[in-house]
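Novice: Okay, sequence plus prediction incoming.
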Amino acid sequence: MQTLKNTARKLATPALFGLALFGPAAQAATLVPPQGYYAGIEKLKTGKSAFKCDAVPTPYTGKLVFRSKYEGSDQARATLNLESEKAFRESTADITTLERGVSKQVMQYMRDGRPEQLDCTLDWLSSWARADALTSTEFNHTGKSMRKWALGSLSSAWLHLKFSNSHPLAAHQQEAELIENWFGKLGDQVVSDWSNLPLEQVNNHSYWAAWSVMSTAVVTDRQDLFDWAVKEYRIGAGQVDDQGFLPNELKRKQRALAYHNYALPPLAMIASFAQANGVDLRPENNGALKRLGDRVLAGTRDPSAFKSKNGEKQDMTDLKIDSKYAWLEPWCSLYACSPEVIKRKRGMQPFKSFRLGGDLTRVYDPAHEKRGT
């Protein structure tokens with residue numbers, strides 16, 4: 001394991017050397033992201049720009065207590081309550097605007113390299129960091145869920161700026177330190193929010209919490225956060241049964257397959273980031289992540305196995321959306337995907353997910369644009 005870790009770090013040496021000279025940290029990071037995060041600005045554009053930085057969404061500093069969109073549903077939490085969903089969307093609008101906006105700004109900046117794009121991101125994030133937003137210790141389940149989703153979205157977008165070999169943060173060390181300290185504080189709270197749950201309560205939410213902490217661990221170079229994310233991954237992998245099902249997602253009745261699919265992005269990303277740091281999580285529970293992915297892919301072709309397992313005809317609505325399969329990018333970097341899966345993946349590219357930091361195809365399959373697909 002140590003040899004693998006040393007190898008991963010040697011591969012990252014040029015980018016990390018640049019960080020040591022120019023990054024917000026005084027020395028090179030010891031935790032690293034997958035290689036695709038070192039990519040520089042695609043094509044520096046000059047001249048007149050149509051980019052407009054919108055006003056900073058109001059930092060959310062109140063109690064993290066929100067209505068659930070499944071309010072009134074039974075234990076399966078699978079029936080949408082349109083009234084409570086509307087209330088949820090309205091009360092969390094500024095948070096979601098921040099998540100989506102930062103992801104979009106970073107993707108634009110990594111494509112065009114315009115200073116105003118970077119300035120906009122720094123302005124938005126600095127404003128929320130200075131306000132100590134999203135740190136309330138008064139929360140319900142939906143509130144702590146919003147916190148970990150937001151942290152994952154923001155910290156994983158930030159990875160592109162922090163590790164890019166274009167060194168975009170070189171002249172912004174003070175702002176970067178402010179933002180990264182805020183990420184670290186949120187990471188500590190997410191660990192507190194989601195630790196020590198009984199197994200019957202560990203589901204996709206815990207996996208997404210672990211992803212947000214893994215991303216934050218690499219941003220802040222904190223081994224304690226990295227170790228917690230790996231621990232939570234192992235708990236999640238341990239839940240995958242011999243057939244590739246997750247018992248706590250099967251409880252979601254008609255949405256069981258959709259929630260199995262939703263569990264895959266954070267698990268695949270954690271495994272990818274762990275591998276970049278010399279920790280191979282693929283063998284966990286006899287290849288649980290591979291088994292889970294295979295089960296979901298088979299289910300999207302023929303969901304009858306899920307109906308046989310929990311007695312419910314599956315709602316396939318979410319599974320018709322290409323971006324829901326963004327997990328295929330890290331998954332196919334961990335395993336030798338079959339030609340059929342590769343063809344399917346390429347037919348849906350590029351995969352862009354704000355909750356995973358933006359353009360995953362750019363990170364894991366940079367040859368996509370050259371193929372002209």
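Specialist: Right, received. Where do you want to start?

Novice: Near the residue nearest to residue 194 when sequence neighbours are not counted, how many other residues are there?
Specialist: Across the structure, with C-beta to C-beta, 6 or more residues apart in numbering as the measure, the residue nearest residue 194 apart from its sequence neighbours is residue 209 (4.1 Å). Where you see a C-beta, it was placed from the backbone N, CA and C, and this is true even at glycine. For residue 209, the tally of surrounding residues (other C-beta atoms under 10 Å) stands at 28.

Novice: just checking, residue 209 touches residue 231?
Specialist: No - assessed by C-beta atoms under 8 Å, residue 209 is found out of contact with residue 231, at 11.7 Å.

Novice: thinking again about what came up before, helix or strand for the residue nearest to residue 194, just tell me which one.
Specialist: Taking DSSP states H and E as the definition, residue 209 sits inside helix 204-220.

Novice: For the helix or strand that that helix is followed by, which residues meet the burial criterion?
Specialist: Moving toward the C-terminus from helix 204-220, the next helix or strand (DSSP H and E) is helix 223-238. Residues of helix 223-238 classed as buried under the neighbour-count rule (16 or more other C-beta atoms under 10 Å) are 225-226, 228-230, 232-233, 236-237.

Novice: And for stretch 292-305?
Specialist: Neighbour counts over stretch 292-305 (16+ other C-beta under 10 Å) mark 292-297, 299-300, 303 as buried.

Novice: next one: stretch 307-317
Specialist: If you call a residue buried by 16+ other C-beta under 10 Å, then stretch 307-317 has these buried ones: 307, 309-310, 312, 314-315.

Novice: cool, stretch 353-371 as well?
Specialist: Under the neighbour-count criterion of 16+ other C-beta under 10 Å, stretch 353-371 has 353-365, 368 buried.

Novice: Surely residue 141 and residue 65 touch.
Specialist: No - Residue 141 sits out of contact with residue 65 when judged by C-beta under 8 Å, with a separation of 9.8 Å.

Novice: How much space separates residue 195 from residue 210?
Specialist: Counting by C-beta to C-beta, to the nearest Å, the gap between residue 195 and residue 210 amounts to 11 Å.

Novice: What values do phi and psi take at residue 164?
Specialist: Residue 164 adopts backbone torsions of phi -60, psi 140, taken as degrees, to the nearest 10.

Novice: contacting residues for it?
Specialist: 15, 37-41, 110 (C-beta atoms under 8 Å, 6 or more residues apart in numbering).

Novice: which one of the residues you listed is nearest residue 171?
Specialist: Taking C-beta to C-beta as the measure, residue 171 sits nearest to residue 41 out of those, at 14.6 Å.

Novice: right, and the closest one touches residue 114 too?
Specialist: No - taking C-beta under 8 Å as the contact criterion, residue 41 and residue 114 are not neighbours in contact, 9.4 Å apart.

Novice: joint contacts of those two?
Specialist: Taking C-beta under 8 Å, 6+ apart as the contact criterion, residue 41 and residue 114 have no common neighbours.

Novice: Sketch out the low-pLDDT regions of the stretch 251-373 of the chain for me.
Specialist: Counting by pLDDT under 70, the stretch 251-373 of the chain contains low-confidence ranges at 369-373.

Novice: quick one, strands of it?
Specialist: 352-353, 358-359 (DSSP state E, counting those that start in this stretch).

Novice: what about the helices in the stretch 101-250 of the chain?
Specialist: Secondary structure of the stretch 101-250 of the chain (DSSP state H, counting those that start in this stretch): helices at 115-130, 141-163, 173-194, 204-220, 223-238, 247-250.
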